[in-house]
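# the following block contains a protein sequence and its predicted model.
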Amino acid sequence: MTFPFAPRSYLRPRKGQGGAPVTQVEVFFDLVFAFAVTQLAATLYTDLTPAGLLHTLMLFAAVWWVWVYTAWVTNWLDPRHRPVQLMLIALSFLGLLLSASLPGAFAARGLSFAAGYVVMQLGRSLFMLWAVRGHHAGNFRNMRRIVIWFSLSGLFWLAGGLASGLLREKLWLLALAVDISAPAMGYYVPGLGRSATADWNIDSYHLAERCAGFILIALGESITVTGAAFFALHWDWLNLAAFFVAFLSSVALWWIYFDHAAERTADAFAHAADPGRIARAAYTYLHGLLVAGIIADAAADALLLHEPGAPASAASGLMILGGPALYLLGNGLFRSRLAPRFPPSHAYGMLLLGGLVLAAPELSELALAAAVALVLVFVAVLSEILLRRRGPGARQPAVKP
């Protein structure tokens, strides 16, 4: 049977320096995942148990994998064409259903979550096959491999949706292992070989802008969670102080990622010898750590506003410290893929957060959160100082070979 193909090319024209702009329909698609971020933060906040942490991490990994693969596809396909727009709108609807299923994914809505995930991943990949066949042989071969990998993981996702309890966890962990390992394995398929990152024709600036946009959306949802929690409270000085600390933390997270660094890393990405390798490591994998850190920080802010004067428990301390630590780790590793070394400012910040682990049992949630916010501001300021000391040439760091 011959696979059908599009009558014309829907591939993005490569404009060279500067890249293609992000389109409005891509931003519309991202708004659905803003809802997913809120759902994940609420799910984590309401179940601060080891099982709850594991479940939220698994659900986040699935949500991120859907989003980042769509970002890759729209890096290749031009959303100004009507069929591509309709594909993104269909994915937006399915993404909304997926997001609505998140709180009950390990309960009554397991099958709806799994089915939504599988249909989105396979449906988008089959559309890509249709769009590039006869127009880009390399992408067609690559998407054939990706369809096979998603078909394999889809069996475990659907089986887990039909199962329950511990069996669902095991099947979905296996499905995630297949999905997450696929890019690192080059989507190897016997008889089809593996994909080479050098063959991936990437618009570096576009992918960098897409991922930066998602970081901004996640931070925006974190602020929304904080504002909604504060609105429901009796306003007194203690709650107002907690509200300010939560906002300051969000500002510091924004500052650490966006102040000069986002532009510099995008420039370095665009001038890399193998942009596909950078995109796989820095934007596909490591940006997931950044978003996970933001979600954990949002859950910590909701916890802080609920009872700011309470002593920091093991669960609240883990959220208050863990989210920013994960964010600094992800951002530091991301920058180190596009610069000679791990940023010293981030290393110092993580050491300070480690020191706060020892002090946490003696502090209230508000005091601990305030100390963490000050550490994040310190990292942002130190990063700026070190950048200025290196001079104008540091604005385009050398990419690792």
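Ah, there it is.

# contacts for stretch 86-94?
Around stretch 86-94, the neighbours that count as contacts under C-beta atoms under 8 Å, 6 or more residues apart in numbering are 25-26, 28-29, 31-32, 70, 74, 79, 116, 119-120, 123-124, 127. Bear in mind the C-beta positions are built from the backbone N, C-alpha and C, glycine included.

# same question for stretch 331-345.
For stretch 331-345, contacts defined as C-beta under 8 Å, 6+ apart pick out 256-257, 261, 264-265, 268-269, 272, 278, 281-282, 286-287, 289-290, 346-347, 350, 379-380, 382-383, 386, 397-400.

# tabulate the CA atom coordinates of that stretch in PDB.
Taking C-alpha atoms only, stretch 331-345 is exported to PDB below (Å, rounded to 0.1, in the frame of the first residue of the first chain):
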ATOM      1  CA  ASN A 331      19.000  26.300  33.400                       C
ATOM      2  CA  GLY A 332      22.600  25.700  34.200                       C
ATOM      3  CA  LEU A 333      22.800  22.500  32.200                       C
ATOM      4  CA  PHE A 334      21.000  24.300  29.300                       C
ATOM      5  CA  ARG A 335      23.500  27.100  29.300                       C
ATOM      6  CA  SER A 336      26.500  24.700  29.600                       C
ATOM      7  CA  ARG A 337      25.400  23.100  26.300                       C
ATOM      8  CA  LEU A 338      26.000  26.500  24.600                       C
ATOM      9  CA  ALA A 339      28.900  27.800  26.700                       C
ATOM     10  CA  PRO A 340      32.200  26.500  27.900                       C
ATOM     11  CA  ARG A 341      31.100  25.600  31.500                       C
ATOM     12  CA  PHE A 342      28.300  25.400  34.000                       C
ATOM     13  CA  PRO A 343      27.400  29.000  35.100                       C
ATOM     14  CA  PRO A 344      29.200  29.700  38.400                       C
ATOM     15  CA  SER A 345      26.200  31.800  39.600                       C
END
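
# quick revisit: identify the farthest-apart pair in the contacts of stretch 86-94.
79 and 116 (21.5 Å; C-beta to C-beta).

# neighbour-wise, which of the two wins?
Shown here are residue 79 and residue 116; by other C-beta atoms under 10 Å, residue 116 has more neighbours (25 against 22).

# out of the contacts of stretch 331-345, which end up buried?
By neighbour count, with 16 or more other C-beta atoms under 10 Å, the contacts of stretch 331-345 hold 256-257, 261, 264-265, 268-269, 272, 278, 281-282, 286-287, 289-290, 346, 350, 379-380, 382-383, 397, 399 as buried.

# which of the contacts of stretch 331-345 fall within helices?
256-257, 261, 264-265, 268-269, 278, 286-287, 289-290, 346-347, 350, 379-380, 382-383, 386 (DSSP state H).

# so who does the spatially most central residue of the chain touch?
Nearest to the geometric centre of the chain sits residue 288, at 3.4 Å (C-alpha atoms, centre = their mean). Residues in contact with residue 288 (C-beta under 8 Å, 6+ apart) are 60, 61, 64, 68, 330.

# state the distance from it to residue 332.
Distance from residue 288 to residue 332, counting by C-beta to C-beta, to the nearest Å: 14 Å.

# what's the answer for residue 311, then?
Distance, residue 311 to residue 332, by C-beta to C-beta: 31 Å.

# between the two, who's got more neighbours?
More crowded of residue 311 and residue 332, by other C-beta under 10 Å: residue 332, with 23 against 15.

# for the more buried one, phi and psi?
phi -70, psi -40 (degrees, to the nearest 10).

# residue 319: which of the contacts of residue 288 is nearest?
Using C-beta to C-beta, these come closest to residue 319 at residue 60, 14.2 Å.

# count of neighbours near the closest one?
For residue 60, the count of nearby residues is 22 (other C-beta under 10 Å).

# tell me the phi and psi of it?
phi -60, psi -40.

# enumerate every residue touching it.
40, 288, 291, 292, 295.

# distance check, residue 349 against residue 253.
Relative to residue 253, and taking C-beta to C-beta, residue 349 is found at 12 Å.

# same question, residue 165
Residue 165 is 36 Å from residue 253, by C-beta to C-beta.

# more crowded one of these two?
More neighbours surround residue 253 than the other of residue 165 and residue 253, with 27 against 8 (other C-beta under 10 Å).

# the more buried one contacts residue 295, doesn't it?
No - counting by C-beta atoms under 8 Å, residue 253 does not reach residue 295; the two are 11.5 Å apart.

# what do the two both touch?
Common contacts of residue 253 and residue 295 (C-beta under 8 Å, 6+ apart): residue 222.
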